[in-house]
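Undergrad: missing the sequence, but the structure's below:
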């Protein structure tokens, strides 16, 4: 069982590390650079080459049943769900076989809407303490579920 973090723009790396340490899980923090490596022996910082979706491919090639993946990248999440991993967004929302199709469709629709209106500003909400708390609770549940597979 491993915990994979799609680390580029991930606001919950420290929280995930605390939970992984408590459960004695190997955690992979995957990015294309710019991160300070953890001194925790359970945490491996993986720096992948520059390029589109290289970190995503690294995670997707390894994640499977019994693993947990934390990502905001919906196509990566879909691949990991298909491979049998437990997948969470940064705010704790679980991505499952039951909801990944709708989440992908919504992502594609929003991409189309944004490209149709290049002057659209903002639209995103800030990451809150409640989001962080939901993530921690969801990560605990995902780790327990992954352990059963």
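TA: Perfect, thanks for sending it. Predicted, not measured: the structure shown is a model, and the values here were computed from it.
Undergrad: Helix, strand, or coil at residue 15?
TA: For residue 15, the secondary structure call by DSSP: H, G, I helix; E, B strand; the rest coil comes out as helix.
Undergrad: Now it. Nearest residue, chain neighbours left out?
TA: Nearest residue to residue 15, sequence neighbours excluded (C-beta to C-beta, 6 or more residues apart in numbering): residue 136, at 5.6 Å. Placement of C-beta: from N, CA and C, glycine included.
Undergrad: tell me which element the one you found falls in.
TA: In this assignment (DSSP states H and E), residue 136 forms part of helix 129-147.
Undergrad: could you give the mean pLDDT of that helix?
TA: The pLDDT scores in helix 129-147 average 94.
Undergrad: May I see the buried residues of it?
TA: With burial defined by 16 or more other C-beta atoms under 10 Å, the residues of helix 129-147 counted as buried are 131-132, 134-136, 138-139, 142-143, 146.
Undergrad: how many neighbours does residue 33 have?
TA: Neighbourhood size, residue 33 [other C-beta atoms under 10 Å]: 12.
Undergrad: And the residue nearest to it when sequence neighbours are not counted, what's its pLDDT?
TA: Setting aside the residues directly before and after it, residue 33 is nearest to residue 47 in space (C-beta to C-beta, 6+ apart), at 5.3 Å. On the pLDDT scale, residue 47 is placed at 94.
Undergrad: And residue 47, how far from residue 63?
TA: Residue 47 sits at a distance of 18 Å from residue 63 (criterion: C-beta to C-beta, to the nearest Å).
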